[in-house]
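Chemist: Give me a model of this one.
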Amino acid sequence: KLSSIGPTALMVMAMTEHAEITGTRDWDAPIEGFGAYILSIQSEDGSWSEGARLQWEQLHKALWNLYEHTGDETYLDALEATGRWHLEHRQDTGEDDPFEYPYLYGLWAAEPLTELYDLRPGDWIPELVFSVGDEVVAQQWTPANNDEPDWMGGYWANPPNEDGSPNWNHTLKLEATIDCWRLADKVGDEQRAFEYRRSALIGAEHMQRWQLRAEETAGWPDEALPVGGMPLYAYDPSIRIDIPSHGGVAMMKVVKYLGLEEYPGTY
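Modeler: Now for the predicted structure:
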């Protein structure tokens, strides 16, 4: 184990993805050790004895990667159990509310739950994923509720900025939206598929405008390094490295899942 369950989950994701890309089996022993640790802290009801809501959300993705890498259905059982536990606690409120920020659940859990649905279909999975997707896309600046061009397509900031403008967590919400779209398309929910697709497309447009361009970094200590990055806020050009990472993944998912080979000119 590492010092906490969060880094453990992230290391599992990194090592299993590396193994998938390279074909190496060099990581199998530590991956197995991390997997054993994760399983050891899960309770019978699918909840976790360590960590907090963000780490519990990340464990969805870690468990799927462990199953995909090892073929051990024990990890699939654990993923199903934690998904069901989160559904049962969907309406919780207070300090331990696992859905205080629904987009974070969508970011980490919508993709593995969609994969789980292929193997173990059940109505509870769309119920949970769509409850999150509906909430995320309802909090987006569109022509129906916005006349500020710079905000168009951006998702509302959570927690909100003073002026209501989108910020860095737009990138996370876009990834959650496109992952929710994939499940809507898979189960044939045409209305949600339409709404999620539209949301993802205008969200992707906003995210590209959010990226820093060369002309915006003139005079910076390093003019080239931040180009293509995504700042935390419109008024603060600081870049946290995980934000452009999430943004890049979200953009690639939009293009890949929606089949936009000539993006942005084909839709």
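Chemist: C-alpha from now on. contacts and neighbour counts both.
Modeler: OK.
Chemist: which ones are touching the nearest residue to residue 233 once chain neighbours are set aside?
Modeler: Nearest non-adjacent residue to residue 233, counting by C-alpha to C-alpha, 6 or more residues apart in numbering: residue 167, 5.0 Å away. Taking C-alpha atoms under 8 Å, 6 or more residues apart in numbering, we find residue 167 in contact with 156, 157, 231, 232, 233, 234.
Chemist: What is the burial count for the last one?
Modeler: So the one you mean is residue 234. Burial of residue 234 is recorded as 14 neighbouring residues (other C-alpha atoms under 10 Å).
Chemist: From residue 207, how far off is it?
Modeler: 12 Å (C-alpha to C-alpha, to the nearest Å).
Chemist: Equivalent analysis for the first one, please.
Modeler: Distance of residue 156 to residue 207, computed by C-alpha to C-alpha: 13 Å.
Chemist: neighbour count winner among these two?
Modeler: Between residue 156 and residue 207, counted using other C-alpha under 10 Å, the more crowded position is residue 207 (25 against 22).
Chemist: could you give the mean pLDDT of the helix or strand that one falls within?
Modeler: Residue 207 is part of helix 190-210, with elements assigned from DSSP states H and E. Throughout helix 190-210, pLDDT has a mean value of 96.
Chemist: same thing with stretch 27-45?
Modeler: The average pLDDT within stretch 27-45 is 96.
Chemist: Can you give the distance of that stretch from its chain's centre?
Modeler: Taking C-alpha atoms, centre = their mean, to the nearest Å, one finds the center of stretch 27-45 at 22 Å from the center of the full chain.
Chemist: Show the contacting residues for residue 203.
Modeler: 153, 154, 155, 174 are the contacts of residue 203 under C-alpha under 8 Å, 6+ apart.
Chemist: With residue 98 instead?
Modeler: For residue 98, the contacting residues are 53, 54, 86, 89, 90, 92, by C-alpha under 8 Å, 6+ apart.
Chemist: buried subset of these?
Modeler: 53, 86, 90 (16 or more other C-alpha atoms under 10 Å).
Chemist: which SSE is the second one in?
Modeler: Residue 86 belongs to helix 73-88 when elements are defined using DSSP H and E.
Chemist: Let me know the average pLDDT across that helix.
Modeler: Along helix 73-88, the predicted local confidence has a mean pLDDT of 98.
Chemist: for stretch 99-106, same thing?
Modeler: In this model, stretch 99-106 has an average pLDDT of 93.
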